[in-house]
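A.B. asks: quick one, fold the following:
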Amino acid sequence: MSQSILVFAGLLSAAASVAHIGVVLAGPSWYRFFGAGERMATLAEKKSFVPVIVTLGIAFVLGIWALYAFSAADIGVRMPLIKPVLAVITGIYLLRGVGGLIAPLVSNHPAILENSKLFWFWSSAICLFIGAVHLLGLAYVWTSL
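C.D. replies: Now for the predicted structure:
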């Protein structure tokens, strides 16, 4: 069962990675739809490389995170430092989830206010879910890593 949870965690990270690639390929309307903010969408309209580099960078990191979850499930290549790295990945997902729920309620920072509260709610809920799946899978295999 623990392996299937980690496979699911890896698939969630992989899906998030693919979604980010889709945003780059689809362009400004997807930057807006997925809540990247008007500044990123406008830069994408102007054919700036900034949104492409940022979004593909995120996609790359999420892809690496998927590899770590798969590796912990004994699928694919064995990644280095799997225990601490997977713990950090799990923590980042959970912190992003909690922080994203709190930030729009307590911050007046323009980068926070640029996105809607609906964006912050759904993206945070997704991050919390993915983090919880990682945490559950990691808890099952912690002693065997």
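A.B. asks: residue contacts, the closest residue to S124 other than its chain neighbours?
C.D. replies: With sequence-adjacent residues excluded and distances taken as CB to CB, 6 or more residues apart in numbering, S124 is closest to G100, at 3.3 Å. (C-beta placed from N, C-alpha, C; glycine too.) Residues touching G100, when contacts are defined by CB atoms under 8 Å, 6 or more residues apart in numbering, comprise 120, 123-124, 127.
A.B. asks: which other residues reach the worst-scoring helix or strand of the chain on mean pLDDT?
C.D. replies: Sorting the helices and strands of the chain by mean pLDDT, DSSP states H and E puts helix 110-113 at the bottom, at a mean of 78. Outside helix 110-113, the residues that touch it by CB under 8 Å, 6+ apart are 37, 103-104, 107, 120.
A.B. asks: just after that helix, pick out the following helix or strand.
C.D. replies: helix 117-141 (DSSP states H and E).
A.B. asks: identify each buried residue in stretch 57-72, please.
C.D. replies: Within stretch 57-72, the residues scored as buried using 16 or more other CB atoms under 10 Å are 58-59, 61-63, 65-72.
A.B. asks: swap that for stretch 117-129, sorry
C.D. replies: For stretch 117-129, using 16+ other CB under 10 Å, the buried residues are 119-120, 123-124, 126-128.
A.B. asks: and what of stretch 23-30?
C.D. replies: Here stretch 23-30 shows 23-24, 28, 30 as buried, counting by 16+ other CB under 10 Å.
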